[in-house]
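This is a predicted model, with the sequence first.
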Amino acid sequence: MVKTDAFLRDLKADWWKLANLISLSRLVACVALVALIIFFPHNIVSLWIAFILGCYCVVTDWLDGRVARAKGEVTDLGKRLDQYSDKIFILLTLFAIGVKIYHWVFWLLAFIAIREIDVTIQRVRANKVIAAKLSGKIKMVCQSINVLWLLWPYGVFGNPLMAALTWLISLTTVVVTYWSWYDYRTKKFKKHAM
């Protein structure tokens, strides 16, 4: 109950700050992007709009933190919104792509989801906001590039070079995701051992 009360208190006090509104807009854009993929997976206009919304999600991931720091409005709510917006964007978008466009994406989604669920559980159990480490930021860049690559409206398997690049980007994303997970877990456990 204490965790929920603190979150609701933060939400009530800080939701209106510009950086938090940017993070919330990323959630709205993500829902629209996923709806376009699910309901109109073969419509080129819908795919272009989904790609543009994906770009918006990536840019606002960078922008919300900058705005918060520039305005002196860094809040626990903002840190949580940013982290959860990132996870929702990556996981839901990969899910929609896997369901409607490239079914093989489910293996990528599974690898990423395992890491994201574990880290989220660890953060919730810690009952405090844990800032992202450099490895987590690099992981998010790789995942974002991978998602945008897969959202490209003209497809990523048009020729052997595009197919090879798709697999290279996806495998790199998995390796970096697991490296960041290892980094997170080893630093977390070292801190508790001390």
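In hand now; what should we look at?

report the longest helix in the chain, please.
Taking DSSP state H as the criterion, the chain has its longest helix at helix 160-193.

Give me the helices and strands touching the helix or strand containing residue 97, please.
Secondary structure from DSSP states H and E places residue 97 in helix 76-100. For helix 76-100, the packing partners by 3 or more CB pairs under 8 Å, 6 or more residues apart in numbering; DSSP states H and E come out as helix 2-14, helix 18-39, helix 44-71, helix 105-126, helix 134-151. C-beta: built from backbone N, CA, C; applies to glycine.

Where does pLDDT dip in this structure?
The chain contains residues with pLDDT under 70 at 1-13, 188-194.

now do 80
Along the chain, the parts satisfying pLDDT under 80 run over 1-16, 126-132, 155-158, 187-194.

can you tell me how far the residue most central in space within the chain sits from residue 76?
Note on the chain: the residue nearest the mean C-alpha position is residue 86, at 2.7 Å, using CA atoms, centre = their mean. Residue 86 sits 16 Å away from residue 76, going by CB to CB, to the nearest Å.

cool, residue 149 as well?
Per CB to CB, residue 149 is found 33 Å from residue 76.

buried ones in the helix holding residue 97?
By neighbour count, with 16 or more other CB atoms under 10 Å as the criterion, the buried positions of helix 76-100 are 77-83, 85-100.

quick one: the longest helix of the chain to chain centroid distance?
How far helix 160-193 lies from its chain's middle: 14 Å, per CA atoms, centre = their mean, to the nearest Å.

helices or strands up against that helix?
If contacts are counted by 3+ CB pairs under 8 Å, 6+ apart, helix 160-193 sits against helix 105-126, helix 134-151.

just so I know, which of these lies nearest residue 41?
Smallest distance to residue 41 across these (CB to CB): 11.4 Å, for helix 134-151.

what's that closest one in contact with?
Here helix 134-151 makes contact (CB atoms under 8 Å, 6 or more residues apart in numbering) with 33, 47, 50-51, 54-55, 57-58, 61, 86, 89-90, 93-94, 97, 101-102, 105, 108, 112, 119, 132, 156, 165-166, 169-170, 172-173, 176-177, 179-180, 183-184.
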